[in-house]
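[1] Sequence below, structure please.
(2 chains)
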Amino acid sequence: MASVGVAQFHQVFFEESLEGLDVMESSLLALDEGGDSELVNTIFRAAHSIKGGSATFGFPEMAAFTHEAESLLDELRDGRRAIDGTIVELLLRTVDCLRGMFARAQSGQPLNNAEAESLRGQMAAALGRKIEPKAAPSRRAGDHADAWRIDFRPHQGMLAGGNDPLRLFRELAALGELQVQPVLDRLPPLAALKPAQCHLGWVLELGGPATRDQIAAVFDWVEDECELTIEPLHVVADEPAPAAGVPAGKPPAAAAVHGAESGSVRVSIDKIDGLIDLVGELVITQSMLDQFREEFDTAKLALLQQGLTQLARHTRELQESVMGVRMLPIGSVFNRFPRLVRDLTQKLGKQVKLELVGEQTELDKTVLEKIGDPLVHLVRNAIDHGLEMPDRRRAVGKAQTGALRLEAFHRGGNIVVEVSDDGAGLNREAIVAKALQRGLIASGDQLSDEQVAELIFQPGFSTAAVATDLSGRGVGMDVVRRNVSDLGGAVAIRTRSGHGTVFTITLPLTLAIIDGLTAAVGREHYIVPLVSIIESVQARPETLHRVTGGGELFRFRDEYLPVLRLHQLFGCTGAQAAIEEGLLIVVEGDGTRVALLVDGLIGQQQAVVKSLEANYRRVGGISGATILADGSVALIVDVAGLIRLQSRSKAA
Amino acid sequence: MSQPNSPASASPVDMPATSQYLAVNLAHEEYAIDLLAVREIRAWTPVTRIPQAPSYVLGVLNLRGAIVPVLDLRLRFGLAREEYGATTVTVIVIVAGRLFGAVVDGVSDVLEVSAGDVRPVPDMGTAVDTEYLKGLTSVAERMVLLLDVDKLLQPQDAQMLEAALPAAADVRAVA
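    As a prediction, this is how the structure comes out:
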């Protein structure tokens, strides 16, 4: 079967085309800032490859679509058309649209949608041709209809958030004629029914001239707490209804990122040659050591020692090089920001100059894939909240154009990524007021700036007076912190009112090897990751306080930290129970500090992280295992998990 | 390793299908583990205990770089563990791509068992748990209980735990 033969190349075609699209995008952005005509050629070549490929691999819709873009680029190339902002904007949207097509092609959905048709029409119009009848208004059916069917299934906990379905229905009724039909399929038996939970679903039919966006806006506040499908009733749509619960649509970049996460890594030939050299040397060392098996006398001892030293060095180099294969430059993540910043600043009417530094800094592939979203969030925040409008900036005597800087560099054994802006800085009063209102703090008087900044990492915290569609919904910084700490890193914030804010993300070089301290608990050994350790101290009796309910607090500088007894949490026998006799390791996880009681410290070591889940399962408070020099297994402590474990055992 | 006849390789000629089993001793009884599932047999060595594990999971050991959980079949079947002696061995078993070790009192033999000779385990009332047994057979007048290795580590436990964890995280996010 011929189609099977072609299908096996699809993945490669997708990867190459997505790279081509990245090239198109960055070249278009450069063109927008006054680049030369060679850029047009680059863009043209990329578009041409995609067109050719999509025709070959059986995606005629994509080929036809790219063909229009190519014709447009051809005119630019020949100088028949001037390069201006509108054209660049149109072509950028074309790139987005193609990314969407690739995402749909990968998941086997139909390629064309209303957006693609309308863009194609616009390109044809720009080329001076009539808009094809295919792009008739009925194609926009996905957004306009004279009646809607809304499938609304709240999650059980929706009511706890203070969301009343009745209010939503009243709002909907204001848009048109509303019919409400409850769905009872999730109703539990009476004995199991919890009165405070929502067990009902509803099917609503709304007649009238409402648009999809208007309806989606009604459900804005509950969209994370329900399953929502909005589909037109009377108009037959060509496209499948958008996925449930995504009325606004995610930025198209998300689709492209998803594609990039798939399996393969491109490794430069230098790295592979380096590896082959190292293996060659390893083989030579091994054969040299092999001689000693035949005959050995003490005269050769020095030679043996030399051989072993060599072996150790080669092994270490080989380890580093193999790790290096997984290391990719952070530039691949940074590259998405020029576009993001351009779109955001246009939308908000701000002026921002983005500076990227250290794009060549290499990071582990897994870390790289997961650091993108937190960074996007920080950049969006910086532009939306941090940097001021041009006239405001002029008024306080700053340059009209704000500066946003993304920088990656090595520090110690870590990679540091900094997002800094020269905007207004954090608004201390607003944060304190909001924290008071939410009951996070009792009074804002004694808080240091550091502690105030820490408040924005609380779940659901936002000070934006008006929620924009960019940020300010109150989900954010806590997710950033959680994502980063999932990667074994940490987020810190420095801010000066009126001068700007710096977010510093510290990440481990690799997830596969961590630095840790080996701690003894009874006869067992556990490894505590160095990144989460703040200090280890011998507790003096006067710094310990026993409080009600059996809780124990340890005074560390001017903080009171709860004492977690590792032997109790992990059920170790023969461990030191008296805090004064043991050692307290002050650790931090998820922004919470606790003191961990162990018997003592044995030493520091690098640990190769092995998965427990591969053959067993996830264990609370344990992030993995490692193999010690004697071949036995030691478990690695997950500090954040341990804190969760402790609070859960308290709740139980 | 030569491929023994497995029950799955439906014989082209109509011969009774036989399977090979590894016979192991446990509290003076003979049990048998499907030989195709056995990876290797190791002398018993102490393992690293894991927290929050059921008592029959002794801990994990290092099998050439892989972290493998080890369970004690005596404890698994509710028998007392007296001591780990010279013949105590860990049988490394692979089930659905996952490795685990089973500690038994000793290994004795490889048995050929034809499918027709396997009899169901008689119902011994609810007090006796027979869910880990596939059946029983007799070899040279000895009774041999065939173990159902798939059920020993009870993956459903793991799945339940996995399902519970995100829920706990949600609670935290709401709080």
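[2] So which bits of the stretch 501-650 of chain A are right by chain B?
    A:524, A:569-572, A:610-612, A:614-622, A:625, A:627, A:631-635, A:644, A:648 (Cβ under 8 Å from any Cβ of the partner chain). All C-beta spots, glycine's among them, are computed from the backbone N, C-alpha and C.
[3] Walking through the stretch 351-500 of chain A, point out its strands one by one.
    Counting by DSSP state E, counting those that start in this stretch, the stretch 351-500 of chain A has strands at residues A:352-357, A:362-364, A:402-411, A:414-421, A:490-496, A:500-508.
[4] what sits up against the shortest one?
    Counting by Cβ atoms under 8 Å, 6 or more residues apart in numbering or on different chains, strand A:362-364 makes contact with A:323-324, A:326-330, A:371, A:408, A:415, A:507-512, all of which sit outside it.
[5] so can I have a markdown table of the strands of the stretch 351-500 of chain A showing mean neighbour count?
    Shown next, in a markdown table, are the strands of the stretch 351-500 of chain A (neighbours: other Cβ atoms under 10 Å in any protein chain shown):
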| stretch | mean neighbour count |
| --- | --- |
| strand A:352-357 | 15 |
| strand A:362-364 | 22 |
| strand A:402-411 | 18 |
| strand A:414-421 | 22 |
| strand A:490-496 | 18 |
| strand A:500-508 | 22 |
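[6] which non-adjacent residue is nearest the most centrally placed residue in chain A?
    Nearest to the mean C-alpha position of chain A, by Cα atoms, centre = their mean, lies A:Asp373 at 2.9 Å. Nearest non-adjacent residue to A:Asp373, counting by Cβ to Cβ, 6 or more residues apart in numbering or on different chains: A:Asn483, 6.4 Å away.
[7] residues contacting that neighbour?
    A:370-371, A:373-374.
[8] Just put the strands of the stretch 351-500 of chain A in CSV and tack on mean pLDDT.
    Converted to CSV, those look like this (pLDDT from 0 to 100):
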stretch, mean pLDDT
strand A:352-357, 90
strand A:362-364, 84
strand A:402-411, 89
strand A:414-421, 88
strand A:490-496, 84
strand A:500-508, 87
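[9] Of these, which is nearest A:Val547?
    Nearest to A:Val547, of all the strands of the stretch 351-500 of chain A, is strand A:490-496, at 29.0 Å by Cβ to Cβ.
[10] by contact count, what packs against the closest one?
    helix A:449-455, helix A:477-486, strand A:500-508 (3 or more Cβ pairs under 8 Å, 6 or more residues apart in numbering or on different chains; DSSP states H and E).
[11] Let's have these in CSV, adding distance to A:Gly280.
    Output for those, formatted as CSV (distance: least, Cβ to Cβ, whole Å):
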stretch, distance to A:Gly280
helix A:449-455, 52
helix A:477-486, 39
strand A:500-508, 30
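[12] Now do the strands for chain B: every range, in order, please.
    B:18-26, B:29-34, B:38-43, B:57-63, B:66-72, B:89-95, B:98-104, B:106-114, B:133-139, B:142-147 (DSSP state E).
[13] With distance to A:Glu38 and mean pLDDT as extra columns, can I get those in a markdown table?
    Formatted as a markdown table, those follow (distance: least, Cβ to Cβ, whole Å; pLDDT from 0 to 100):
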| stretch | distance to A:Glu38 | mean pLDDT |
| --- | --- | --- |
| strand B:18-26 | 70 | 90 |
| strand B:29-34 | 67 | 91 |
| strand B:38-43 | 60 | 92 |
| strand B:57-63 | 57 | 91 |
| strand B:66-72 | 53 | 91 |
| strand B:89-95 | 58 | 91 |
| strand B:98-104 | 55 | 91 |
| strand B:106-114 | 73 | 89 |
| strand B:133-139 | 72 | 86 |
| strand B:142-147 | 71 | 88 |
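[14] Determine which of the ones you listed approaches A:Leu175 most closely.
    The nearest among the strands of chain B, by Cβ to Cβ, is strand B:98-104 at 53.8 Å.
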